[in-house]
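# Provided below for reference: sequence and predicted model.
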Amino acid sequence: MNVPDDLLYTETHEWIRSEGENIRVGITDHAQSELTDVVYVELPKMDRQANAKEAIAVVESVKAASDIYAPLKGTVVEVNKALEADPGLINREPYGQGWILVLKIDSADDLKQLKDAAAYRAQIG
Amino acid sequence: MTETAQKKTPLYDEHVRLGAKIIPFGGWLMPVQYTSIVEEHQAVRNNIGIFDISHMGQLIVEGSGARAWLNTMLTNNVDKLQVGTGQYTFLLNERSGIIDDLIVYQIDNEKFLLVVNASRTDEDFIWLQKHLPAIETPALAADEVRIENRSANFGGVAIQGPRVVDLFHALFGTDVDLPPRNHIVDLPFDETNVSVARTGYTGEDGVDVFFRTTDAIKCWNAALEKGKPFGIKACGLGARDTLRLEMCYPLNGSDLTPERNPVEAGLGFFVDLTKSNFIGRDVLVRTKESGPREKLVPFRMKEKGPPPRPNYAVFDNGERIGEVTSGTISPSLNWGVGMAYVSAPHAKIGAQIDIEIRERKFPAVIEAKPLYKKS
């Protein structure tokens, strides 16, 4: 499974790319493979505030619905509208066009709570 | 149930070798998909797919009294069977609830094969044993019935899709005829014998092939190899579910339960109420007279949105009228589809309903069976 070195990760299989005061969030290659074909993504509303580990989006595959959690406390400033027309982007490009949302985080210090690639690789074995 | 308690079919290692994603299902570790549920689904609709169905149970009922006794246990009329034919039927409890749905084949003058759902095999066997004619009744040899659970001895594959005739001839020879629909034949294959039934759970032409457990890997690999020119794909339970749901074939444990009867499920066609006696008949007769309280109906979502799933509530103008039992995004139609039990007055083709998904209502319409019709 592809686990890029330049990203951070959560235990619940979200990836995080730090972009100044924002973080871009998607689900990992491992997660998309476990979920199977993604057929629907429920995106959060803009400006929604969420605490770390709060369910903020839903990714549905043919088989099941899975919650996506806010990796850190913050506010939704961007959502990937392209997923509404083509949810399969999550399967095809989990780290690229398949991103889900951007959060403006309350504190950059919070990034320390996330896993690095080595720790996430160890988690998924 | 822990993973160690789950059973493996004789093809388990082949599934792992092919990179299948494995899930527990009905007490078995089964492939849910190999590459993609949607791709596997399309392979069956357009070409051909092969499924491991070794988890399904095989019960043998034989003896001079087998036919008459089975007719008191099953809803369909066993008297309509001849050697080499099968029928879809139900095993009911006294309340007319569905213990299992199954296919019964007559395989000899006094011998029947019941192919049953994996998760119900043990329960069916115990139920049937419990209802065997009492030995002390003066039945003598004339009414003898024996039942045996042969599930561990047999494996099986379902080979389904429009190219099945081509693959059948590649496997068994161009001079061998396919059995007609719902017929079963024994055929020699690579120094062994297999049983081939023209049945399936996908809505496509197809066969279910049963073989000895020890022949499973040989049969599976032969079909995959000879199927290559026809575009065969190994298919998992995910595609099996989307294929059957497009056809509105019920899934035991979801659409059929011991609390539901065949009339409510819209499957009265497989119940012969002209038979004077079978378990569950009295309640079914009353249900039929008064009309069922709820009915199982297929529906299609009217907008692109989240897929319907089991246990979602169904509404009509704000009034709760039922519950979804099966749902998915149909790969053939690219719409959310499902089946739901709704109160009988609302169970009308064309009726507008709402499915509640995460506290929001999404419009849907009750459709006729099947949801998918081949163009």
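Great, that's in hand.
# tell me where chain A has helices.
Under the criterion DSSP state H, chain A contains helices at A:29-35, A:82-85, A:89-92, A:117-124.
# what's the neighbour count on the closest residue to chain A within chain B?
Residue nearest to chain A within chain B (C-beta to the nearest C-beta): B:Ile329, separated by 4.2 Å. Bear in mind the C-beta positions are built from the backbone N, C-alpha and C, glycine included. If you count neighbours by other C-beta atoms under 10 Å in any protein chain shown, B:Ile329 ends up with 26.
# in the sheet, who's paired with it?
With beta bridges defined as DSSP bridges, B:Ile329 has these partners: B:Gly336.
# put together CSV for the helices of chain A, with mean pLDDT and distance to B:Pro162 on each row.
CSV is the format used below for those (pLDDT from 0 to 100; distance: least, C-beta to C-beta, whole Å):
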stretch, mean pLDDT, distance to B:Pro162
helix A:29-35, 93, 30
helix A:82-85, 95, 31
helix A:89-92, 96, 27
helix A:117-124, 97, 40
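# for those helices, which one sits closest to B:Ile107?
Set against B:Ile107 and scored by C-beta to C-beta, the helices of chain A come closest in helix A:29-35, at 42.0 Å.
# which residues of chain A lie near chain B?
Residues of chain A found near chain B (C-beta under 8 Å from any C-beta of the partner chain) are A:33-34, A:36-37, A:39-40, A:42, A:58, A:60, A:62-63, A:65.
# low-confidence stretches in the stretch 251-375 of chain B?
For the stretch 251-375 of chain B, applying pLDDT under 70 flags no range at all.
# center of chain A - which residue?
A:Gly26 (2.6 Å; C-alpha atoms, centre = their mean).
# closest approach to chain B from chain A, which residue is it?
Nearest residue of chain A to chain B: A:Val39, at 4.2 Å (C-beta to the nearest C-beta).
# the closest residue to that residue other than its chain neighbours: what's it in contact with?
Nearest residue to A:Val39 in three dimensions, chain neighbours excluded: B:Ile329, at 4.2 Å (C-beta to C-beta, 6 or more residues apart in numbering or on different chains). Contact partners of B:Ile329, counting by C-beta atoms under 8 Å, 6 or more residues apart in numbering or on different chains, are A:39-40, A:62, B:307, B:335-337.
# narrow these to those that are buried.
Buried members of these, counted by 16 or more other C-beta atoms under 10 Å in any protein chain shown: A:39-40, A:62, B:307, B:335-337.
# make a markdown table from those and add distance to A:Asn51 to it.
Converted to a markdown table, the buried ones among the contacts of B:Ile329 look like this (distance: C-beta to C-beta, whole Å):
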| residue | distance to A:Asn51 |
| --- | --- |
| A:Val39 | 28 |
| A:Tyr40 | 25 |
| A:Val62 | 31 |
| B:Pro307 | 28 |
| B:Trp335 | 36 |
| B:Gly336 | 31 |
| B:Val337 | 36 |
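# list just the nearest of those residues to B:Gly65.
B:Val337 (44.1 Å).
# thought that closest one was touching B:Lys369?
No - B:Val337 is beyond contact range of B:Lys369, at 11.4 Å (criterion: C-beta atoms under 8 Å).
# which residues are common contacts for the two?
Residues touching both B:Val337 and B:Lys369 by C-beta under 8 Å, 6+ apart: B:Pro298.
# mind listing what B:Phe172 touches?
Residues in contact with B:Phe172, defined by C-beta under 8 Å, 6+ apart, are B:187, B:189, B:196.
# let's go with 6 Å and repeat that
Taking C-beta atoms under 6 Å, 6 or more residues apart in numbering or on different chains, we find B:Phe172 in contact with B:Leu187.
# B:Glu14 - how many residues pack around it?
B:Glu14, neighbours per other C-beta under 10 Å, totals 18.
# circling back to that earlier point, so which of the helices of chain A comes closest to A:Glu11?
Closest of these to A:Glu11 is helix A:117-124, at 6.7 Å (criterion: C-beta to C-beta).
# by contact count, what packs against that closest one?
For helix A:117-124, there is no helix or strand it packs on, judged by 3 or more C-beta pairs under 6 Å, 6 or more residues apart in numbering or on different chains; DSSP states H and E.
# how far off centre is that helix?
Between the mean C-alpha location of helix A:117-124 and the chain-wide mean there is a distance of 16 Å, by C-alpha atoms, centre = their mean, to the nearest Å.
# follow-up on the earlier one: please check the residues of chain A next to chain B and keep the buried ones.
Neighbour counting with 16+ other C-beta under 10 Å marks A:34, A:36-37, A:39-40, A:42, A:58, A:60, A:62-63, A:65 as buried within the residues of chain A next to chain B.
# ok, so of those, who is nearest B:His41?
Taking C-beta to C-beta as the measure, B:His41 lies nearest A:Val62 of those, at 8.6 Å.
# grab the nearest non-local neighbour of that closest one.
B:Ile37 is the one closest to A:Val62 (C-beta to C-beta, 6+ apart), at 4.6 Å.
# what about the one you found, how many residues close to it?
B:Ile37 has 29 neighbours, counted by other C-beta under 10 Å.
# likewise A:Gln49?
15.
# hey, what's the closest residue to it other than its chain neighbours bridged with?
Among residues not flanking A:Gln49 along the chain, A:Thr75 sits closest, at 5.1 Å (C-beta to C-beta, 6+ apart). Beta bridges link A:Thr75 to A:Gln49, A:Lys104, judged by DSSP bridges.
# could you do A:Glu19 as well?
Assessed by DSSP bridges, A:Glu19 has beta-bridge partners A:Asn22.
# and for it, the neighbour number?
As a burial measure, A:Glu19 scores 10 neighbours (other C-beta under 10 Å).
# ok, now the one 3 residues further on?
A:Asn22 has 16 neighbours, counted by other C-beta under 10 Å.
# distance of it relative to A:Glu60?
Look at A:Asn22 and A:Glu60: by C-beta to C-beta, to the nearest Å, they are 26 Å apart.
# same deal with B:Glu62?
Counting by C-beta to C-beta, the gap from B:Glu62 to A:Glu60 is 48 Å.
# same question for B:Ser290.
Applying C-beta to C-beta to B:Ser290 and A:Glu60 gives a distance of 39 Å.
# for the stretch 151-300 of chain B, what lies in contact range of chain A?
B:Gly238 (C-beta under 6 Å from any C-beta of the partner chain).
# again, but for the stretch 1-150 of chain B
Neighbours of chain A within the stretch 1-150 of chain B, by C-beta under 6 Å from any C-beta: B:33, B:36-38.
# recalculate using a threshold of 7 Å.
Proximity of the stretch 1-150 of chain B to chain A, by C-beta under 7 Å from any C-beta of the partner chain, involves residues B:32-33, B:36-38.
# ok, of these, which come out buried?
For those, buried by 16+ other C-beta under 10 Å: B:32-33, B:36-38.
# narrow those to those in strands?
Under the assignment DSSP state E, those contribute B:32-33 to strands.
# chain B: helices as residue ranges?
Going by DSSP H, chain B shows helices at B:12-17, B:37-46, B:66-73, B:121-130, B:164-172, B:216-227, B:237-246, B:281-290.
# most packed of those?
Mean neighbour count, computed with mean count of other C-beta atoms under 10 Å in any protein chain shown, is highest for helix B:237-246 among the helices of chain B, reaching a mean of 25.
# for A:Ile105, see how far away A:Thr75 is.
8 Å.
# please identify which of these two sits among more neighbours.
More crowded of A:Thr75 and A:Ile105, by other C-beta under 10 Å: A:Ile105, with 22 against 16.
# now do the contacts for that one.
A:Ile105 is in contact with A:21-23, A:72-74, counting by C-beta atoms under 7 Å, 6 or more residues apart in numbering or on different chains.
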